[in-house]
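1. no sequence on this one, just coordinates:
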């Protein structure tokens, strides 16, 4: 969760910690000419989001439902560690309800179009699985870097036709197709129209996200070991810094020593 530093009631403003890399939405769509996120980083971010959401849902004595999960509300710090923000729409679910059907009738729906749980939108019944729908849509965007409108339909059709690789963000050249396909299928399950068909976050979704994160970290480890630069072996070393080091090494190689 993003650290809240203060508030200004007079203007209705909240002051959060500075998140140097902005929102996940900005980075997925490479706004400001930012470089694309690697697939390893995307898998890690997905696991972090799932962990943060489970924390909200397990809040005692009453679970918190975020109600407005979307890439714009996921902020990234200077090391691309992701945190959930904008919990202004979050609503406590009464414990008597949470222990049974984990849903609660609201007088009016709230959230962002394309990410709102269809059942919540139609019936006003709020529950922790309302967030799971939003999570599924957001994860599909993590894979494709495409707008949310109609994304579940397009991904589902691509999987059926065997053309899913064409749906993946083309800015990432080395997608692990098999793992990405598994991630897409999990995301589609999260975005099922009926709440009862969506998987449990703690028992089903998060264990798979953690497995994917471990797969990504292992890939990064092998990549760092193959590098000849000792600085590149640091797991937190940025792609920009890697480019700078390569340039410096090239310059130093071209400089002739003084007599």
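-> Structure's in. What do you need? Not measured: the values here are computed from a predicted model.

2. which residues of the stretch 1-150 of the chain score low on pLDDT?
-> Within the stretch 1-150 of the chain, the stretches with pLDDT under 70 are 88-111.

3. tell me where it has helices.
-> Applying DSSP state H, counting those that start in this stretch to the stretch 1-150 of the chain gives helices spanning 24-28, 39-57, 95-98, 118-123, 128-144.

4. contacting residues for residue 195?
-> Taking CB atoms under 8 Å, 6 or more residues apart in numbering, we find residue 195 in contact with 103, 117, 119, 127, 129-130, 133. In short, each C-beta sits where N, CA and C put it, glycine included.

5. got a markdown table for those residues, with distance to residue 22 too?
-> Compiled in a markdown table, these are given as follows (distance: CB to CB, whole Å):
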| residue | distance to residue 22 |
| --- | --- |
| 103 | 34 |
| 117 | 26 |
| 119 | 32 |
| 127 | 31 |
| 129 | 29 |
| 130 | 26 |
| 133 | 25 |
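
6. what's the closest of those to residue 178?
-> The nearest member of those to residue 178, counting by CB to CB, is residue 133 at 25.4 Å.

7. any idea how far the closest one lies from residue 195?
-> Using CB to CB, to the nearest Å, one gets 8 Å for the distance from residue 133 to residue 195.

8. any residues in contact with both of these two?
-> Counting by CB under 8 Å, 6+ apart, the common neighbours of residue 133 and residue 195 are residue 117.

9. rewinding a little: output the contacts of residue 195 as JSON lines; include the columns distance to residue 8 and neighbour count.
-> As requested, the contacts of residue 195 are exported to JSON lines (distance: CB to CB, whole Å; neighbours: other CB atoms under 10 Å):
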{"residue": "103", "distance to residue 8": "34", "neighbour count": "22"}
{"residue": "117", "distance to residue 8": "32", "neighbour count": "27"}
{"residue": "119", "distance to residue 8": "36", "neighbour count": "21"}
{"residue": "127", "distance to residue 8": "33", "neighbour count": "22"}
{"residue": "129", "distance to residue 8": "34", "neighbour count": "25"}
{"residue": "130", "distance to residue 8": "30", "neighbour count": "31"}
{"residue": "133", "distance to residue 8": "33", "neighbour count": "25"}
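
10. list just the nearest of those residues to residue 4.
-> The nearest member of the contacts of residue 195 to residue 4, counting by CB to CB, is residue 130 at 23.2 Å.

11. for the closest one, which non-adjacent residue is spatially closest?
-> Leaving out its chain neighbours, the residue that sits closest to residue 130 by CB to CB, 6 or more residues apart in numbering is residue 117, at 3.8 Å.

12. the one you found is in contact with residue 136, isn't it?
-> No. With contact defined as CB atoms under 8 Å, residue 117 does not count as touching residue 136 (10.1 Å).
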